[in-house]
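K.L.:
After the sequence you'll find the predicted model.
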Amino acid sequence: MASEFAGRTCWVVGLARSGCAAGGLLRRQGARVLGIDDADSATVRRRWEREGLSRLAPGAFDEVLTGGDWPDAGAPAARPALVVVSPGVPTDHPRLAALPVDVPLVGELELASRFTRARLVAITGTNGKTTTTELVAHLVRAAGLDGRALGNVGRPLADVAEELSADAVAVIETSSFQLETMRTFAPEVGAVLNLAPDHLDRYPDLAAYYAAKRILAARIPAGGTFVTGAGCREARSWPTAGRRLLFGERAEGADVHYRDGFLVLGEEALLPLADLAQQSPPNLQNALAAAAIGTALSLPREALAAGLADFPGLPDRHEWVATRGGVKFINDTKATNVHAVCAGLDGFAGEVVLIAGGSGKGEDYAPLRDVLGAVRHVVLIGAEGPAIGAALAGAVPTTAARDMAAAVALAADLATGPDGADAAVLLSPACASFDMFANYRERGRAFTAAALAAGAVPRG
């Protein structure tokens, strides 16, 4: 059957990974695709090189316009049948606002969902999305099904939408930006893991950020399941047509929780807490969320237990990367907001020398004062180092370092106790990376390299 877009012109605005995937899908559906990006052509080409898209991206578009060169959508000859906007492009962009009101504006995920038969799981929240997405896909595979981790974890749904079978489960890390452009997307399971201030450099206030997340609850159909944390009062209050399944503390009404040393589903123990492959505080919460989502998908209990016990974890998220004597070096570079750092420090086993700082996202750092029980010293880096230092003044010793190498060397010495009471060196920045690095992954690699330069040996 011919696609509704066959022979018609569609625009894709924002030519990074999801934009290129959307363009490729539309061209496979017979559309003529115009790619648009406000960056100049050299910047777009460098982006494609950096993201490994240089061979694929040119084939996703019939024509590319860069440097703010947009057609006049009001002219009959240029009028698009559809505009796909990438997550990095604000929906209030002036040129998008000028589109005729009857031109549909959607995101890549909304578009891709219209061309797949797969069962859909959407996972959003402020922190833990990537790990939980990968873990749920791992649990699906443990049950003998085709489980794909997609979306912001790396590969867009649009890349594989048509090839997935009706038995496949597409587990999609979903951002608030993607939720803003949902129209018909209706996942079988939608999960809001947690909510905390984030992306306040894009949203005018916290209410606007939460409103974008709330869209997911409204997209769950009757017969579907809305999963969220029992302690997340905001998300628990959102109306949804699906049933609710809660994870977290039993005292707060969680259906999936820890009790007497076991992970429990309802009233039945699934597996001992000690058998979980990932034991950091955030990963214990991720395991509860994943078990709840797996339950909503009706995965066998045996598969859930086996998958939770052998999940290898992900780089850059409480990743133990090196050791020097009794000092562990832990890379949590993906903790780019205050809530993520608080979650990682709350209940941390042993003492910590924390490395924090980077480029700002408009957050208040004062909540860090409430989780400093394990912190011996804070080493400050980057543009936000002074602001974090000011917020922690009087609560814990702080020292500024000029770069990552100096920060890790200092932290390693501070973590080495003269009486053998060694601490861990934890990179958990509470900030984005763009003041010093291209991205958070590069920051994590710099941390590991600095640990090795300081005399540590790689783990494993």
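P.N.:
Received, thanks. Residues are numbered from 1 along each chain as shown.
K.L.:
the helices in this protein, which residues?
P.N.:
17-28, 41-50, 94-97, 108-113, 129-142, 176-179, 206-219, 233-236, 281-296, 301-310, 338-345, 385-391, 404-415, 440-453 (DSSP state H).
K.L.:
And those helices: which comes nearest Leu157?
P.N.:
Nearest to Leu157 among the helices of the chain is helix 108-113 (3.9 Å), distances taken as C-beta to C-beta. Every C-beta, even on glycine, is put in place using the N, C-alpha and C of the backbone.
K.L.:
And that closest one, what's buried?
P.N.:
For helix 108-113, burial by neighbour count (16 or more other C-beta atoms under 10 Å) applies to 108-113.
K.L.:
can you check stretch 282-294 too?
P.N.:
282-283, 285-294.
K.L.:
And these, which is closest to Ala390?
P.N.:
Set against Ala390, the nearest of those by C-beta to C-beta is Pro282 (26.2 Å).
K.L.:
Hmm, that closest one is touching Gly344, no?
P.N.:
Yes - using C-beta atoms under 8 Å, Pro282 is in contact with Gly344, at 5.4 Å.
K.L.:
okay, and the common contacts of those two?
P.N.:
Taking C-beta atoms under 8 Å, 6 or more residues apart in numbering as the contact rule, Pro282 and Gly344 both touch His318.
K.L.:
out of the helices of the chain, deepest packed?
P.N.:
A comparison of the helices of the chain by mean neighbour count, using mean count of other C-beta atoms under 10 Å, puts helix 108-113 on top with a mean of 28.
K.L.:
just to revisit the earlier point, list just the nearest of the buried residues of helix 108-113 to Leu426.
P.N.:
Nearest to Leu426 out of these is Leu109 (C-beta to C-beta; 33.2 Å).
K.L.:
from memory His318 sits against Leu284, does it?
P.N.:
No - with contacts counted by C-beta under 8 Å, His318 stays clear of Leu284, the gap being 10.7 Å.
K.L.:
Could you pull out the residues contacting both of these two?
P.N.:
Shared contacts of His318 and Leu284, counting by C-beta under 8 Å, 6+ apart, come down to Gln278.
K.L.:
can you count the residues close to the closest residue in space to His318 that isn't next to it in sequence?
P.N.:
Leaving aside its chain neighbours, His318 sits nearest to Ser280 (4.0 Å; criterion: C-beta to C-beta, 6 or more residues apart in numbering). Other residues lying near Ser280 total 20 when counted by other C-beta atoms under 10 Å.
K.L.:
From Asp403, how far off is Ser280?
P.N.:
Distance from Ser280 to Asp403, counting by C-beta to C-beta, to the nearest Å: 27 Å.
K.L.:
Present the helices of the chain as CSV; the columns should include mean pLDDT.
P.N.:
As requested, the helices of the chain are exported to CSV (pLDDT from 0 to 100):
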stretch, mean pLDDT
helix 17-28, 97
helix 41-50, 95
helix 94-97, 93
helix 108-113, 98
helix 129-142, 97
helix 176-179, 93
helix 206-219, 94
helix 233-236, 96
helix 281-296, 95
helix 301-310, 98
helix 338-345, 91
helix 385-391, 98
helix 404-415, 98
helix 440-453, 97
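K.L.:
Next, format those helices as JSON lines and append distance to Leu34.
P.N.:
Converted to JSON lines, the helices of the chain look like this (distance: least, C-beta to C-beta, whole Å):
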{"stretch": "helix 17-28", "distance to Leu34": "9"}
{"stretch": "helix 41-50", "distance to Leu34": "14"}
{"stretch": "helix 94-97", "distance to Leu34": "13"}
{"stretch": "helix 108-113", "distance to Leu34": "15"}
{"stretch": "helix 129-142", "distance to Leu34": "31"}
{"stretch": "helix 176-179", "distance to Leu34": "21"}
{"stretch": "helix 206-219", "distance to Leu34": "27"}
{"stretch": "helix 233-236", "distance to Leu34": "38"}
{"stretch": "helix 281-296", "distance to Leu34": "38"}
{"stretch": "helix 301-310", "distance to Leu34": "43"}
{"stretch": "helix 338-345", "distance to Leu34": "38"}
{"stretch": "helix 385-391", "distance to Leu34": "42"}
{"stretch": "helix 404-415", "distance to Leu34": "41"}
{"stretch": "helix 440-453", "distance to Leu34": "31"}
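K.L.:
Compare those and report which one is nearest to Val378.
P.N.:
helix 385-391 (7.3 Å).
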